[in-house]
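1. A predicted structure for the sequence below; I have some questions about it.
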Amino acid sequence: MMFDVIIIGAGPAGATFARLAEPQLKILLVEKSTDREKCCGGLVAPDAQKMLARFDLGIPKEIISDPQLFYVRSIDLETNHEGKYQRHYTNINRRLLDQYLIKKLPSNVKHMAGGQYLGHRHENGEIIVSIRQNGEVADHSCNVLVGADGAHSSVRKALYDDFHKIRKYLAIQGDYKLETSINHYAVFFDRNISDFYSWLIPKGDTVLVGGAFDERNNAKQKYKKLIKEVVSYGYSLGTPVRLDACYLLRPWLRDIKAGQGGVALIGEAAGLISPSSSEGLSYAYRSAYTLAKTLQDAAAFDIKKYDKGILGLRINIFMKNIKGLFIYNSFLRNMIFKINIGTIKNAR
(Lines give C-alpha, C1' and ligand atoms only; values in the text may rest on other atoms or scores of the structure.)
Protein backbone atom coordinates (compact mmCIF):
# COMPACT_ATOMS: atom_id res chain seq x y z
CA MET A 1 0.00 0.00 0.00
CA MET A 2 1.28 3.48 -0.88
CA PHE A 3 1.41 6.29 1.70
CA ASP A 4 2.73 9.82 1.54
CA VAL A 5 4.39 9.41 4.95
CA ILE A 6 5.16 6.44 7.18
CA ILE A 7 6.01 7.26 10.80
CA ILE A 8 7.84 4.73 12.95
CA GLY A 9 7.02 5.38 16.60
CA ALA A 10 3.79 6.70 18.09
CA GLY A 11 5.16 8.45 21.18
CA PRO A 12 4.96 12.21 21.75
CA ALA A 13 7.04 13.03 18.65
CA GLY A 14 5.40 10.63 16.20
CA ALA A 15 1.81 11.17 17.33
CA THR A 16 2.27 14.95 17.41
CA PHE A 17 3.70 15.07 13.89
CA ALA A 18 0.88 12.84 12.62
CA ARG A 19 -1.69 15.19 14.16
CA LEU A 20 -0.08 18.39 12.85
CA ALA A 21 0.84 17.19 9.33
CA GLU A 22 -1.04 18.52 6.31
CA PRO A 23 -4.51 16.90 6.20
CA GLN A 24 -4.17 15.92 2.53
CA LEU A 25 -1.25 13.63 3.35
CA LYS A 26 -1.97 9.91 3.60
CA ILE A 27 -0.10 8.78 6.72
CA LEU A 28 0.69 5.43 8.36
CA LEU A 29 1.66 5.65 12.04
CA VAL A 30 3.38 2.47 13.26
CA GLU A 31 3.39 1.71 16.98
CA LYS A 32 5.39 -1.26 18.22
CA SER A 33 3.76 -1.62 21.64
CA THR A 34 0.46 -0.27 22.91
CA ASP A 35 0.51 -1.25 26.57
CA ARG A 36 4.14 -1.13 27.73
CA GLU A 37 4.91 1.22 30.61
CA LYS A 38 7.46 3.84 29.61
CA CYS A 39 10.67 4.21 31.59
CA CYS A 40 9.86 7.88 32.12
CA GLY A 41 9.48 10.19 35.10
CA GLY A 42 6.21 11.54 33.73
CA LEU A 43 6.79 15.23 34.48
CA VAL A 44 5.64 17.87 32.00
CA ALA A 45 8.12 20.75 32.28
CA PRO A 46 7.27 24.40 31.48
CA ASP A 47 8.78 24.22 27.96
CA ALA A 48 6.55 21.24 27.14
CA GLN A 49 3.56 23.00 28.75
CA LYS A 50 4.22 25.96 26.46
CA MET A 51 4.12 23.73 23.39
CA LEU A 52 0.86 22.13 24.53
CA ALA A 53 -0.54 25.65 24.91
CA ARG A 54 0.57 26.48 21.35
CA PHE A 55 -1.26 23.34 20.20
CA ASP A 56 -4.35 24.40 22.20
CA LEU A 57 -4.17 21.12 24.13
CA GLY A 58 -4.83 20.59 27.81
CA ILE A 59 -4.21 17.51 29.95
CA PRO A 60 -7.40 15.72 31.05
CA LYS A 61 -7.75 15.01 34.76
CA GLU A 62 -7.55 11.24 34.28
CA ILE A 63 -3.97 11.66 33.01
CA ILE A 64 -2.88 13.75 36.00
CA SER A 65 -1.02 11.88 38.74
CA ASP A 66 -1.22 12.87 42.39
CA PRO A 67 0.38 14.69 44.03
CA GLN A 68 1.05 17.99 42.27
CA LEU A 69 4.21 19.25 43.93
CA PHE A 70 6.02 22.57 43.88
CA TYR A 71 9.68 22.03 44.60
CA VAL A 72 12.65 19.79 43.96
CA ARG A 73 14.95 18.72 46.75
CA SER A 74 18.42 18.62 45.22
CA ILE A 75 20.84 16.45 47.22
CA ASP A 76 24.55 15.71 46.91
CA LEU A 77 24.84 12.26 48.49
CA GLU A 78 28.64 12.57 48.79
CA THR A 79 28.65 15.78 50.85
CA ASN A 80 25.09 15.77 52.29
CA HIS A 81 24.66 19.33 51.00
CA GLU A 82 21.26 20.13 49.55
CA GLY A 83 18.94 22.85 48.33
CA LYS A 84 15.21 23.31 47.70
CA TYR A 85 14.20 24.84 44.37
CA GLN A 86 10.76 25.82 43.12
CA ARG A 87 9.69 24.00 39.97
CA HIS A 88 6.47 24.09 37.95
CA TYR A 89 6.06 20.55 36.65
CA THR A 90 2.79 18.78 35.91
CA ASN A 91 2.86 15.26 37.32
CA ILE A 92 1.26 12.86 34.82
CA ASN A 93 0.87 9.24 33.80
CA ARG A 94 3.06 9.03 30.69
CA ARG A 95 1.35 5.97 29.20
CA LEU A 96 -2.05 7.64 29.44
CA LEU A 97 -0.68 10.82 27.85
CA ASP A 98 0.58 8.80 24.88
CA GLN A 99 -2.83 7.14 24.53
CA TYR A 100 -4.54 10.53 24.70
CA LEU A 101 -2.41 11.87 21.83
CA ILE A 102 -3.26 8.79 19.76
CA LYS A 103 -6.97 9.52 20.24
CA LYS A 104 -6.36 12.98 18.77
CA LEU A 105 -5.22 11.60 15.40
CA PRO A 106 -7.13 12.91 12.37
CA SER A 107 -8.86 10.68 9.82
CA ASN A 108 -6.00 10.85 7.29
CA VAL A 109 -3.78 8.88 9.69
CA LYS A 110 -3.90 5.09 9.83
CA HIS A 111 -2.69 3.81 13.20
CA MET A 112 -0.97 0.41 13.04
CA ALA A 113 -0.68 -1.05 16.55
CA GLY A 114 1.78 -3.84 17.19
CA GLY A 115 3.87 -3.10 14.11
CA GLN A 116 7.66 -3.51 14.10
CA TYR A 117 9.92 -1.69 11.65
CA LEU A 118 12.39 -4.14 10.09
CA GLY A 119 14.14 -1.88 7.59
CA HIS A 120 13.69 0.19 4.44
CA ARG A 121 15.08 0.49 0.94
CA HIS A 122 14.77 2.89 -1.98
CA GLU A 123 13.16 1.72 -5.22
CA ASN A 124 12.00 3.74 -8.23
CA GLY A 125 11.84 7.00 -6.30
CA GLU A 126 9.86 5.46 -3.41
CA ILE A 127 10.84 4.23 0.03
CA ILE A 128 9.82 0.64 0.72
CA VAL A 129 9.35 -0.03 4.43
CA SER A 130 9.21 -3.58 5.79
CA ILE A 131 6.94 -4.02 8.82
CA ARG A 132 6.12 -7.09 10.86
CA GLN A 133 2.67 -7.29 12.42
CA ASN A 134 1.08 -10.38 14.00
CA GLY A 135 3.96 -12.51 12.78
CA GLU A 136 3.59 -11.49 9.13
CA VAL A 137 5.93 -9.22 7.19
CA ALA A 138 4.60 -6.79 4.60
CA ASP A 139 6.15 -4.00 2.52
CA HIS A 140 4.59 -0.53 2.47
CA SER A 141 5.61 2.29 0.11
CA CYS A 142 5.96 5.99 0.93
CA ASN A 143 7.58 9.21 -0.20
CA VAL A 144 8.83 10.16 3.27
CA LEU A 145 9.83 7.95 6.20
CA VAL A 146 9.88 9.52 9.67
CA GLY A 147 11.88 7.99 12.50
CA ALA A 148 10.20 8.83 15.81
CA ASP A 149 11.24 5.65 17.57
CA GLY A 150 13.17 7.07 20.50
CA ALA A 151 16.72 6.86 21.80
CA HIS A 152 17.38 3.36 20.45
CA SER A 153 15.98 4.28 17.04
CA SER A 154 16.04 1.51 14.45
CA VAL A 155 15.44 4.06 11.69
CA ARG A 156 18.45 6.08 12.76
CA LYS A 157 20.57 2.93 12.93
CA ALA A 158 19.61 2.15 9.32
CA LEU A 159 20.70 5.66 8.27
CA TYR A 160 23.85 6.27 10.30
CA ASP A 161 24.75 3.19 12.35
CA ASP A 162 26.15 5.57 14.99
CA PHE A 163 24.39 4.41 18.16
CA HIS A 164 27.70 3.21 19.62
CA LYS A 165 29.14 6.72 19.23
CA ILE A 166 26.35 8.68 20.93
CA ARG A 167 26.78 9.77 24.55
CA LYS A 168 24.14 7.76 26.37
CA TYR A 169 23.18 6.04 29.61
CA LEU A 170 21.13 3.09 30.73
CA ALA A 171 18.20 4.50 32.68
CA ILE A 172 16.91 2.12 35.35
CA GLN A 173 13.75 3.05 37.22
CA GLY A 174 11.86 1.22 39.94
CA ASP A 175 8.28 1.75 41.08
CA TYR A 176 7.95 1.25 44.86
CA LYS A 177 5.00 1.24 47.22
CA LEU A 178 4.83 4.57 49.05
CA GLU A 179 5.07 3.99 52.80
CA THR A 180 5.15 7.61 54.00
CA SER A 181 4.02 10.83 52.35
CA ILE A 182 6.61 12.65 50.22
CA ASN A 183 5.73 16.24 49.34
CA HIS A 184 8.48 17.02 46.85
CA TYR A 185 10.46 15.67 43.95
CA ALA A 186 14.12 14.87 44.54
CA VAL A 187 17.30 14.64 42.48
CA PHE A 188 20.49 13.00 43.70
CA PHE A 189 24.13 13.48 42.72
CA ASP A 190 26.88 11.01 43.56
CA ARG A 191 29.94 10.53 41.35
CA ASN A 192 30.37 7.02 42.75
CA ILE A 193 27.00 6.12 41.22
CA SER A 194 26.83 8.21 38.05
CA ASP A 195 28.30 11.32 36.47
CA PHE A 196 24.72 12.29 35.54
CA TYR A 197 21.89 12.28 38.11
CA SER A 198 19.18 10.18 39.79
CA TRP A 199 15.60 11.05 40.69
CA LEU A 200 12.64 10.39 42.98
CA ILE A 201 9.07 11.17 41.90
CA PRO A 202 5.92 10.39 43.95
CA LYS A 203 3.08 8.90 41.85
CA GLY A 204 -0.15 8.28 43.75
CA ASP A 205 0.42 5.38 46.13
CA THR A 206 3.86 4.61 44.67
CA VAL A 207 7.14 6.44 44.18
CA LEU A 208 9.50 6.24 41.21
CA VAL A 209 13.22 6.02 41.94
CA GLY A 210 15.57 5.93 39.00
CA GLY A 211 18.96 6.91 37.71
CA ALA A 212 21.11 7.15 34.58
CA PHE A 213 24.10 4.80 34.59
CA ASP A 214 27.05 3.86 32.45
CA GLU A 215 25.95 0.48 31.07
CA ARG A 216 29.61 -0.61 30.82
CA ASN A 217 30.18 -0.12 34.55
CA ASN A 218 27.90 -2.48 36.49
CA ALA A 219 24.71 -0.47 35.96
CA LYS A 220 22.53 -2.88 37.97
CA GLN A 221 24.91 -2.76 40.93
CA LYS A 222 25.03 1.04 40.71
CA TYR A 223 21.22 1.10 40.83
CA LYS A 224 21.20 -1.11 43.94
CA LYS A 225 23.72 1.26 45.52
CA LEU A 226 21.46 4.20 44.65
CA ILE A 227 18.49 2.58 46.38
CA LYS A 228 20.61 1.91 49.45
CA GLU A 229 21.79 5.55 49.53
CA VAL A 230 18.25 6.90 49.07
CA VAL A 231 16.96 4.77 51.95
CA SER A 232 19.87 5.74 54.18
CA TYR A 233 19.12 9.40 53.48
CA GLY A 234 15.70 8.97 55.10
CA TYR A 235 13.36 7.92 52.31
CA SER A 236 11.29 4.87 53.17
CA LEU A 237 10.69 2.66 50.14
CA GLY A 238 8.15 -0.13 50.27
CA THR A 239 7.74 -3.23 48.14
CA PRO A 240 9.03 -2.84 44.56
CA VAL A 241 6.15 -2.99 42.06
CA ARG A 242 8.02 -2.85 38.77
CA LEU A 243 11.49 -2.28 37.36
CA ASP A 244 12.04 -0.76 33.91
CA ALA A 245 15.10 0.15 31.86
CA CYS A 246 15.77 2.00 28.63
CA TYR A 247 18.48 3.98 26.90
CA LEU A 248 18.73 7.69 27.66
CA LEU A 249 20.68 10.02 25.39
CA ARG A 250 22.76 12.93 26.61
CA PRO A 251 23.64 14.51 23.28
CA TRP A 252 26.52 16.61 22.11
CA LEU A 253 25.89 18.72 19.03
CA ARG A 254 27.48 16.04 16.86
CA ASP A 255 24.81 13.57 18.03
CA ILE A 256 21.94 15.57 16.53
CA LYS A 257 20.92 14.26 13.11
CA ALA A 258 17.96 15.49 11.08
CA GLY A 259 17.98 12.60 8.61
CA GLN A 260 18.88 12.33 4.96
CA GLY A 261 17.14 12.02 1.63
CA GLY A 262 13.50 11.15 2.20
CA VAL A 263 14.07 10.01 5.78
CA ALA A 264 13.60 12.48 8.66
CA LEU A 265 14.27 12.01 12.38
CA ILE A 266 12.34 13.72 15.17
CA GLY A 267 12.41 13.68 18.96
CA GLU A 268 15.02 11.56 20.69
CA ALA A 269 15.63 9.58 17.48
CA ALA A 270 17.22 12.78 16.19
CA GLY A 271 19.21 13.19 19.42
CA LEU A 272 16.87 15.93 20.63
CA ILE A 273 16.67 15.80 24.42
CA SER A 274 18.08 18.04 27.14
CA PRO A 275 21.65 17.02 28.08
CA SER A 276 21.33 18.79 31.43
CA SER A 277 17.96 17.49 32.69
CA SER A 278 16.98 14.72 30.20
CA GLU A 279 13.68 16.54 29.55
CA GLY A 280 12.43 15.32 26.18
CA LEU A 281 8.76 16.16 25.68
CA SER A 282 9.33 19.75 24.58
CA TYR A 283 11.95 18.66 22.02
CA ALA A 284 9.60 15.96 20.72
CA TYR A 285 6.81 18.50 20.27
CA ARG A 286 9.03 21.18 18.75
CA SER A 287 10.75 18.91 16.25
CA ALA A 288 7.41 17.35 15.25
CA TYR A 289 5.95 20.83 14.71
CA THR A 290 8.97 21.90 12.65
CA LEU A 291 8.77 18.83 10.43
CA ALA A 292 5.04 19.33 9.91
CA LYS A 293 5.69 22.91 8.75
CA THR A 294 8.47 21.91 6.35
CA LEU A 295 6.72 18.84 4.91
CA GLN A 296 3.90 20.34 2.88
CA ASP A 297 4.28 18.11 -0.19
CA ALA A 298 5.67 14.62 0.48
CA ALA A 299 6.81 14.12 -3.11
CA ALA A 300 8.86 17.35 -2.98
CA PHE A 301 10.14 17.06 0.59
CA ASP A 302 13.53 18.71 1.17
CA ILE A 303 15.35 17.42 4.25
CA LYS A 304 17.57 20.53 4.19
CA LYS A 305 14.60 22.73 5.11
CA TYR A 306 13.83 20.58 8.13
CA ASP A 307 17.53 20.51 9.10
CA LYS A 308 17.60 24.30 8.95
CA GLY A 309 14.34 24.46 10.91
CA ILE A 310 15.80 22.68 13.95
CA LEU A 311 18.74 25.09 14.22
CA GLY A 312 17.12 26.65 17.28
CA LEU A 313 16.96 23.26 18.95
CA ARG A 314 20.65 22.69 18.21
CA ILE A 315 21.51 26.02 19.82
CA ASN A 316 19.31 25.16 22.80
CA ILE A 317 21.10 21.85 23.33
CA PHE A 318 24.48 23.60 23.02
CA MET A 319 23.44 25.97 25.82
CA LYS A 320 22.10 23.09 27.94
CA ASN A 321 25.50 21.40 27.69
CA ILE A 322 27.09 24.57 29.06
CA LYS A 323 24.51 24.63 31.87
CA GLY A 324 25.40 21.01 32.62
CA LEU A 325 29.03 21.98 33.25
CA PHE A 326 27.84 23.87 36.32
CA ILE A 327 25.24 21.35 37.51
CA TYR A 328 27.53 18.34 37.28
CA ASN A 329 30.71 19.94 38.61
CA SER A 330 30.82 18.82 42.23
CA PHE A 331 32.75 21.87 43.49
CA LEU A 332 30.47 24.41 41.80
CA ARG A 333 27.30 22.55 42.76
CA ASN A 334 28.24 22.46 46.43
CA MET A 335 29.27 26.12 46.39
CA ILE A 336 25.78 26.93 45.08
CA PHE A 337 24.25 24.84 47.88
CA LYS A 338 26.37 26.60 50.52
CA ILE A 339 25.46 30.14 49.46
CA ASN A 340 21.79 29.23 48.91
CA ILE A 341 21.43 30.65 45.40
CA GLY A 342 17.75 30.45 44.39
CA THR A 343 16.76 28.18 47.25
CA ILE A 344 13.46 28.12 49.12
CA LYS A 345 13.68 28.78 52.85
CA ASN A 346 11.70 26.60 55.22
CA ALA A 347 8.72 28.28 56.88
CA ARG A 348 9.46 26.64 60.21
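-> Great, that's in hand. Numbering: from 1, shown residues only.

2. in the helix or strand hosting residue 286, what's buried?
-> Residue 286 belongs to helix 281-294 when assigned by DSSP states H and E. For helix 281-294, a neighbour-count test (16 or more other Cβ atoms under 10 Å) marks 281-292, 294 as buried. Bear in mind the C-beta positions are built from the backbone N, C-alpha and C, glycine included.

3. which strands and helices sit next to that helix?
-> The contact analysis (3 or more Cβ pairs under 8 Å, 6 or more residues apart in numbering; DSSP states H and E) places helix 281-294 against helix 12-20, helix 46-54, helix 303-309, helix 311-327.

4. Could you tell me which residues make contact with the spatially most central residue of the chain?
-> Central residue of the chain (Cα atoms, centre = their mean): residue 280, 3.9 Å from the mean position. Contacts here follow Cβ atoms under 8 Å, 6 or more residues apart in numbering; on that basis residue 280 touches 12, 267-268, 272-274.

5. Can you convert these into TSV and add a column each for secondary structure?
-> Below are the contacts of residue 280 laid out as TSV (DSSP: H, G, I helix; E, B strand; the rest coil):
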residue	secondary structure
12	helix
267	helix
268	helix
272	coil
273	coil
274	coil
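
6. picking up where we left off before, which phi and psi values does the residue nearest to the centre of the chain adopt?
-> When read as degrees, to the nearest 10, the backbone of residue 280 gives phi -120, psi -20.

7. got it, and residue 116?
-> Per degrees, to the nearest 10, the backbone of residue 116 is at phi -120, psi 120.

8. among the contacts of residue 280, who's most crowded?
-> Ranked by the number of neighbours (other Cβ atoms under 10 Å), the contacts of residue 280 place residue 267 first, at 31 neighbours.

9. Nearest residue to that residue in space, please, no chain neighbours.
-> Closest residue to residue 267 apart from its sequence neighbours, by Cβ to Cβ, 6 or more residues apart in numbering: residue 13 at 2.9 Å.

10. Relative to residue 295, how far out is that neighbour?
-> According to Cβ to Cβ, to the nearest Å, residue 13 and residue 295 sit 14 Å apart.

11. Look at the two and report which has more neighbours.
-> residue 13 (32 against 25).

12. how near is the more buried one to residue 325?
-> From residue 13 to residue 325 the distance is 27 Å (Cβ to Cβ).

13. got it, and residue 104?
-> In terms of Cβ to Cβ, residue 104 sits 39 Å off from residue 325.

14. just to revisit the earlier point, joint contacts of residue 13 and residue 295?
-> By Cβ under 8 Å, 6+ apart, no residue touches both residue 13 and residue 295.

15. what does stretch 225-235 contact?
-> Contacts for stretch 225-235 (Cβ under 8 Å, 6+ apart): 75, 77, 174, 182, 186, 188, 190, 192-193, 198, 200, 207, 209, 211, 237.

16. One more pass at 7 Å, please.
-> By Cβ atoms under 7 Å, 6 or more residues apart in numbering, the residues outside stretch 225-235 that reach it are 75, 77, 188, 190, 193, 198, 200, 209, 211, 237.

17. looking at it, the fourth one is touching residue 78, isn't it?
-> Yes: using Cβ atoms under 7 Å, residue 190 and residue 78 qualify as a contacting pair, with a distance of 5.5 Å.

18. With neighbour numbers in mind, choose between the two.
-> residue 190 (20 against 15).

19. Tell me who's in contact with the residue nearest to that one when sequence neighbours are not counted.
-> Excluding the flanking residues, the one nearest residue 190 by Cβ to Cβ, 6+ apart is residue 77, at 4.0 Å. The contact partners of residue 77, by Cβ under 7 Å, 6+ apart, come to 188-190, 229, 233.

20. quick check, nearest of the contacts of stretch 225-235 to residue 258?
-> Set against residue 258, the nearest of the contacts of stretch 225-235 by Cβ to Cβ is residue 211 (30.3 Å).

21. give me the element the closest one is part of.
-> Using DSSP H and E, residue 211 falls in strand 206-213.

22. list the helices and strands that strand packs on?
-> Strand 206-213 sits against strand 168-178, strand 194-203, helix 219-232, strand 237-249, with contacts defined as 3 or more Cβ pairs under 7 Å, 6 or more residues apart in numbering; DSSP states H and E.

23. Can you give the contact residues for the last one?
-> Right, strand 237-249. 37, 39, 151-152, 166, 168-179, 206-207, 209, 212, 227, 231, 255, 268, 271, 273, 278.

24. From those residues, list the buried ones, please.
-> Among the contacts of strand 237-249, those classed as buried by 16+ other Cβ under 10 Å are 39, 151, 166, 168-176, 178, 206-207, 209, 212, 227, 255, 268, 271, 273, 278.

25. For residue 27, find the nearest of the helices and strands packed on strand 206-213.
-> strand 237-249 (25.9 Å).

26. Strand partners (parallel or antiparallel) of that closest one?
-> Strand pairing for strand 237-249, determined by DSSP bridges: strand 168-178 (antiparallel).

27. the inter-axis angle of the strand it pairs with versus strand 194-203?
-> 30 degrees (axes from the mean of the first three to the mean of the last three Cα atoms, to 10 degrees).

28. Following strand 168-178 in sequence, what is the next regular element?
-> By DSSP H and E, the next helix or strand past strand 168-178 is strand 185-190.

29. Give the pairing partners of that next one; include direction for each.
-> Counting by DSSP bridges, strand 185-190 is paired with strand 71-76 (parallel), strand 194-203 (antiparallel).

30. What average pLDDT does it get?
-> Per-region confidence: strand 185-190 scores 97 on mean pLDDT.
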